[in-house]
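Q: the amino acid sequence is not available; the structure is as follows:
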């Protein structure tokens, strides 16, 4: 959750500096304080519901998709289930199915562990979707001509690297630029892959370290909250609506709404296996 709060705080500060008060810090603070408890409870109830179902079953798929479509509390800006506009509900639920299947295969029976892995999956999907878009749009000749500028203008704008400082980002872009130059001088010139992989691999390591420490502390508390909830085995049933297979991030009132985009992103089985080790 902290990653997304930091991300929106940075965006809000940038807008304020540009004279745009449409998404002020006060609006965000009020929205967070008023709704975070209910959003967290809703997320935990949702994850518990999935935990009780058989992965790859129609019931699992339908429960996941219908709940994500109908519950706005599952996609707030500070704790999104679909953090990227290119992530569809159906593909996100498919990733949940694969994750919960792996959890059962590894005989993980504790709910707090499934909560931890499920929340990490959201970061993983967000991370992978941004990296994929960069690869799809990247042109080797452009990166080779000015690798440092490509890093700062394209990679950083696509992925804010929220928990890195500006100095850290600048240093990493310098390292990515050096990697491109060295590889091209050796005749193994893959500027796009070198630059993007350099940044994402190192940021992934930073996230892994930070999230492992964090979830070790809070996963047990999250499970305890879920088990003490009066609605432990209840999720509100709502009528199925005929909407597109996407769900926009729920921003605070008075804030700018993002345009919907479509796309697909799934986490592969090999990555899941490494993810659960």
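A: In hand now; what should we look at? In this text the structure is predicted, and so the values were computed from the model without any measurement.
Q: buried stuff in the helix or strand hosting residue 48?
A: In this structure, residue 48 sits in helix 25-51 according to DSSP states H and E. Using 16 or more other CB atoms under 10 Å as the test for burial, helix 25-51 gives 27-28, 31-32, 35, 39-40, 42-51. In this view, the C-beta of every residue, glycine as well, is placed from N, C-alpha and C.
Q: do I have it right that residue 87 meets residue 130?
A: No: contact between residue 87 and residue 130 fails when scored by CB atoms under 8 Å: they sit 10.3 Å apart.
Q: quick one, which of these two is more surrounded?
A: Neighbours were counted for residue 87 and for residue 130 using other CB atoms under 10 Å; residue 87 has more, 26 against 20.
Q: how about the secondary structure of that one?
A: Of the three states, residue 87 takes coil according to DSSP: H, G, I helix; E, B strand; the rest coil.
Q: now it: phi and psi?
A: phi -90, psi 120 (degrees, to the nearest 10).
Q: also residue 85?
A: Dihedral angles (degrees, to the nearest 10) for residue 85: phi -70, psi -10.
Q: distance check, it against residue 75.
A: 11 Å (CB to CB, to the nearest Å).
Q: residue 153 too?
A: From residue 153 over to residue 75 (counting by CB to CB), the distance is 29 Å.
Q: of those two, who's got more company?
A: Using other CB under 10 Å as the criterion, residue 153 and residue 75 rank with residue 75 on top: 19 against 12.
Q: I figured that one hits residue 82, correct?
A: Yes: with contacts counted by CB under 8 Å, residue 75 reaches residue 82, the gap being 5.7 Å.
Q: circling back: tell me the helix or strand right after the helix holding residue 48.
A: helix 58-70.
Q: angle of that next one against helix 25-51?
A: 170 degrees (axes from the mean of the first three to the mean of the last three CA atoms, to 10 degrees).
Q: sort out which residues of helix 58-70 are buried, please.
A: Quick answer for helix 58-70 (16+ other CB under 10 Å): 60, 61, 63, 64, 65, 66, 67, 68, 69, 70.
Q: and that helix, what does it pack against?
A: Counting by 3 or more CB pairs under 8 Å, 6 or more residues apart in numbering; DSSP states H and E, the packing neighbours recorded for helix 58-70 are helix 25-51, helix 89-105.
Q: now the angle from that helix to helix 89-105?
A: Going by the same axes, to 10 degrees, helix 58-70 makes 130 degrees with helix 89-105.
Q: helix 58-70 - what's its average pLDDT?
A: Mean per-residue pLDDT for helix 58-70: 93.
Q: ok so, going back, shared neighbours, residue 87 and residue 130?
A: The contact sets of residue 87 and residue 130 do not overlap (CB atoms under 8 Å, 6 or more residues apart in numbering).
Q: contact partners for the closest residue to residue 71 other than its chain neighbours?
A: Using CB to CB, 6 or more residues apart in numbering and skipping the chain neighbours, the partner closest in space to residue 71 is residue 42 (6.3 Å). Contacts for residue 42 (CB under 8 Å, 6+ apart) come out as 71, 73, 74.
Q: again, but for residue 181
A: So residue 181 contacts residue 147 (CB under 8 Å, 6+ apart).
Q: could you check the distance from it over to residue 37?
A: 50 Å.
Q: go on, residue 85?
A: For residue 85 relative to residue 37 (CB to CB), the value is 26 Å.
Q: how about residue 197?
A: 39 Å.
Q: doesn't residue 111 make contact with residue 48?
A: Yes: using CB under 8 Å, residue 48 is in contact with residue 111, at 6.6 Å.
Q: this protein: helices as residue ranges?
A: 2-17, 25-51, 58-70, 89-105, 111-137, 140-145, 147-150, 156-158, 166-185, 191-228, 269-275 (DSSP state H).
Q: least reliable of the ones you listed going by mean pLDDT?
A: Of all these, helix 269-275 has the smallest average pLDDT, which comes to a mean of 49.
Q: now the spatially closest residue to residue 210 that is not a sequence neighbour. Its backbone dihedrals?
A: Nearest residue to residue 210, sequence neighbours excluded (CB to CB, 6+ apart): residue 163, at 6.4 Å. Backbone torsions of residue 163, given as degrees, to the nearest 10, read phi -90, psi 0.
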